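**Student:** Structure of the sequence below:
(4 chains)
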There are 2 protein chains.
Amino acid sequence: MKTGAPGIACGAVATDPQRDSARHVQVVQALGARIVGGSLVPGTAIPIEEELVGELGVGRSAVREGVKVLAGKGLLETRRSAGTIVRPRESWSLLDADVLSWRFEPEPRPGDIRVLADLRVALEPGAARVAAERADAAAVRRIDEALAALYATADDPEPFIEADLAFHQAVFAAADNDLLLYVYEMISIALRSVRQVHTRSVAHNKETLPGHERVAQAIRRRHHRKAEEAMRTVVEVARADAEQHVRLCC
Amino acid sequence: MKTGAPGIACGAVATDPQRDSARHVQVVQALGARIVGGSLVPGTAIPIEEELVGELGVGRSAVREGVKVLAGKGLLETRRSAGTIVRPRESWSLLDADVLSWRFEPEPRPGDIRVLADLRVALEPGAARVAAERADAAAVRRIDEALAALYATADDPEPFIEADLAFHQAVFAAADNDLLLYVYEMISIALRSVRQVHTRSVAHNKETLPGHERVAQAIRRRHHRKAEEAMRTVVEVARADAEQHVRLCC
DNA sequence: CCAGTCGCTTCATCAGATGAAAATTTAGCT
DNA sequence: AGCTAAATTTTCATCTGATGAAGCGACTGG
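**Tutor:** Sure, this is the predicted structure:
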């Protein structure tokens, strides 16, 4: 063999030597990021296999496997002898963890922040309502624990963000609905990458505590109407904050 | 060569000679259905590559590509020299179109019908609310057209189902939020496979018309409060119907 | 009984060969 | 000259073989 393929480091993060350094994962990341980032536009063809082999420094098998993974996520479509084309945005698996990461990292567009904030407003009050209907004792306890963590971390911006995500996740978990919980897990992936929007002053964090308290209390008392209303207040405050943030810094 | 691999027909559906007959797609379908269906349980290893080659009648490349696609959907994890294991359910991309199909087809479990109904109750009122906030004139027009189609098909069970799905999709589309719309597209995949739950009497279909009418009217008038409430009524009726259906026939 | 080493299993990756289908070009005919 | 049909080229599809790497277990020596 002449192509020193194993020597090409690609400057990737290389966190886990097993999962992330796999050749086909390199291909998935490279092409996926380009497609979702917009430099490969829907309807156009990506470079042919042979070119990708040279460009990415991997073998044809790795290219094929990577392309197949992206096709499985709706991003690509291969046609024999006609090349591999980028599928229209409507075909993408928008709530796939990878697709979402490529969209919101490293820097989401202002429009995407609005999409995210609206999604929370649309989803979270209803989720809180179902949580109040379905929560069992253990689920209520986990919400209360998450609430306590929220109070405990109100002075530390970074841990507070994680505690906030954990609280909302506990609410979704209480709804006893894996699809609903999955949606929130995807939301939290996106939220983590717009954390700067959430990293407000410590005083601001403390202002959000009563709202969360009301959500937890309503679920504890199985008051679905109140749970929904309290959660709506929380996420609408978050949406207003996000809008203001976008207006100020963009 | 001796193994007449190209001759193995596998008796698949063969709808599209390009997309569905691809060897690696066979692998994805076969393994994906087994995993989501529960015959391959999380934590256990799937057969080794060589066995899958024999069992599925495809080459090793096809097996590898298929396994990579399923790994991309969070269903599998390959470890060098340790085989390929089924990942825990929490890792699955539950809102992937394929995963959802394997779960709800051919016959969803009663519990999954409840999950679906709850998801709609949690999601659709909020979506209708955001739709009322964000809908532009064109979106309102599309909702009205979908409503008209609903009235026009009230006497035909089959077209009525499609018109119903189209109406709800138009509401989600009006919210101008691609993530929200994506969730509904996945819901509609699942709903189509539980259509028997929805195929009620013609009289019952007609009873749902006023509710839909109220939703459309509230959005038209940008009355988000009313839109939410009207939609909640619609989906809670649907949930009650589904619950009753499950209780009667299961 | 424990520890270290060796070998086996199994996935990872590349390379080559053959095939098939679609797009493009070319040649021939009217 | 224009159109049609055949030939060619491009490009992905698939199988096979070879080599490598990493984990797991068995076996042996102290």
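
**Student:** what about dumping the CA coordinates of stretch A:22-34 to PDB?
**Tutor:** What follows is stretch A:22-34, C-alpha atoms only, in PDB (Å, rounded to 0.1, in the frame of the first residue of the first chain):
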ATOM      1  CA  ALA A  22     -13.700   5.700  13.100                       C
ATOM      2  CA  ARG A  23     -13.000   6.500   9.500                       C
ATOM      3  CA  HIS A  24     -16.700   6.500   8.400                       C
ATOM      4  CA  VAL A  25     -17.500   8.800  11.300                       C
ATOM      5  CA  GLN A  26     -15.100  11.300   9.900                       C
ATOM      6  CA  VAL A  27     -16.900  11.200   6.600                       C
ATOM      7  CA  VAL A  28     -20.300  11.600   8.300                       C
ATOM      8  CA  GLN A  29     -19.200  14.600  10.400                       C
ATOM      9  CA  ALA A  30     -17.400  16.300   7.500                       C
ATOM     10  CA  LEU A  31     -20.200  15.900   5.000                       C
ATOM     11  CA  GLY A  32     -23.000  16.300   7.500                       C
ATOM     12  CA  ALA A  33     -21.600  19.600   8.800                       C
ATOM     13  CA  ARG A  34     -21.200  20.900   5.200                       C
END
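
**Student:** Just the buried positions in that stretch, please.
**Tutor:** Along stretch A:22-34, the positions that meet the burial threshold by neighbour count (16 or more other C-beta atoms under 10 Å in any protein chain shown) are A:22-34. Where you see a C-beta, it was placed from the backbone N, CA and C, and this is true even at glycine.

**Student:** In helices, which of those appear?
**Tutor:** Per DSSP state H, helices hold the following members of the buried residues of stretch A:22-34: A:Arg23, A:His24, A:Val25, A:Gln26, A:Val27, A:Val28, A:Gln29, A:Ala30, A:Leu31, A:Gly32, A:Ala33, A:Arg34.

**Student:** Quick check: A:Val67 touching A:Leu76?
**Tutor:** Yes - at 5.8 Å, A:Val67 and A:Leu76 qualify as touching, with contact defined as C-beta atoms under 8 Å.

**Student:** shared neighbours, the two?
**Tutor:** Residues touching both A:Val67 and A:Leu76 (C-beta atoms under 8 Å, 6 or more residues apart in numbering or on different chains): A:Leu31, A:Thr84.

**Student:** In contact with A:Met231, which residues?
**Tutor:** The contact partners of A:Met231, by C-beta under 8 Å, 6+ apart, come to A:Glu124, A:Pro125, A:Ala127, A:Ala128, A:Arg129, A:Val171, A:Val215.

**Student:** Return the residues of chain A in contact with DNA strand D.
**Tutor:** Proximity of chain A to DNA strand D is confined to A:6, A:17-18, A:48-50, A:60-61, A:64, A:67, A:78-84 under the rule C-beta under 7 Å from any atom of the strand.

**Student:** Listing request: residues of chain A with sub-threshold pLDDT.
**Tutor:** Residues of chain A meeting the criterion pLDDT under 70: A:1-20, A:196-201, A:250.

**Student:** Specify the local secondary structure of the residue positioned nearest the centre of it.
**Tutor:** Most central residue of chain A, judged by C-alpha distance to the mean C-alpha position with C-alpha atoms, centre = their mean, is A:Ile189 at 2.7 Å. Counting by DSSP: H, G, I helix; E, B strand; the rest coil, the backbone at A:Ile189 sits in helix.

**Student:** where do the strands sit along chain A?
**Tutor:** Under the criterion DSSP state E, chain A carries strands at the ranges A:76-79, A:83-86.

**Student:** how about those in TSV, adding mean neighbour count?
**Tutor:** Below are these laid out as TSV (neighbours: other C-beta atoms under 10 Å in any protein chain shown):
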stretch	mean neighbour count
strand A:76-79	18
strand A:83-86	18
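
**Student:** Next, format those as JSON lines and append distance to A:Ala163.
**Tutor:** Rendered in JSON lines, the data for the strands of chain A read as follows (distance: least, C-beta to C-beta, whole Å):
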{"stretch": "strand A:76-79", "distance to A:Ala163": "39"}
{"stretch": "strand A:83-86", "distance to A:Ala163": "39"}
